[in-house]
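Asks: Predicted model, plus sequence, below.
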Amino acid sequence: MQALFISFPASDYQTSKQFYEEAVGLPVDREFDGAPHKFTNYDLGKIKLKLFEWKEEWYGSGHSGLFIETNELDKTVKRIRELGGKTTEITIHEWGGRCCSITDPFGNIFDLIDSSKKGNA
């Protein structure tokens, strides 16, 4: 497993984009504007920063702050559930990602994404 990206929500998407592109100087890697959100990815080398804004109400398997890539998504989700962990159902997003939100024992949420079906995350 490895970290794929860290995501930051933006309540003012255009101002946030301007800050990261002009002030910080990050190069845009990819942009997406669809359901349930729009986002811009910035290339930070081995990991991406994803700036996003929800376009509709959403919870789970979206953006929790941290996405971890795994080549054993189904096996890992099954193990988490067997050990009493809380997960959403595995979702396939319109941008191509196959992922699942996980809640740890202390209420922290992160997402797992299938390495073979991560779309253009």
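Replies: That came in fine, so what should we check first?
Asks: Strands along this structure, start to end?
Replies: 2-9, 28-33, 37-43, 48-54, 66-70, 86-87, 91-92, 97-103, 109-118 (DSSP state E).
Asks: Can you lay out these as a markdown table showing distance to residue 79?
Replies: No exception for glycine: its C-beta is placed from N, CA and C like everyone else's. A markdown table is the format used below for the strands of the chain (distance: least, CB to CB, whole Å):
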| stretch | distance to residue 79 |
| --- | --- |
| strand 2-9 | 18 |
| strand 28-33 | 31 |
| strand 37-43 | 29 |
| strand 48-54 | 26 |
| strand 66-70 | 11 |
| strand 86-87 | 10 |
| strand 91-92 | 19 |
| strand 97-103 | 11 |
| strand 109-118 | 11 |
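Asks: Please identify the most buried of those.
Replies: Between the strands of the chain, strand 97-103 has the highest mean count of neighbours, a mean of 21, where neighbours are mean count of other CB atoms under 10 Å.
Asks: what does the average pLDDT come to for it?
Replies: Average pLDDT, strand 97-103: 87.
Asks: Starting from it, tell me which strands it pairs with and how they run.
Replies: strand 86-87 (antiparallel), strand 91-92 (antiparallel), strand 109-118 (antiparallel) (DSSP bridges).
Asks: now the helix ranked longest in the chain against strand 97-103, angle please.
Replies: Longest helix in the chain, counting residues (DSSP state H): helix 73-82. Relative orientation of helix 73-82 and strand 97-103, computed by axes from the mean of the first three to the mean of the last three CA atoms, to 10 degrees: 20 degrees.
Asks: CA-only coordinates of helix 73-82 in CSV, if you can.
Replies: Provided in CSV are the C-alpha atoms of helix 73-82 (Å, rounded to 0.1, in the frame of the first residue of the first chain):
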residue,chain,number,x,y,z
LEU,A,73,-9.1,-3.8,-2.0
ASP,A,74,-11.7,-6.6,-1.7
LYS,A,75,-9.5,-8.7,0.6
THR,A,76,-8.7,-5.7,2.8
VAL,A,77,-12.3,-4.5,3.1
LYS,A,78,-13.4,-8.0,4.0
ARG,A,79,-10.7,-8.3,6.7
ILE,A,80,-11.6,-4.9,8.2
ARG,A,81,-15.3,-5.9,8.3
GLU,A,82,-14.5,-9.3,9.9
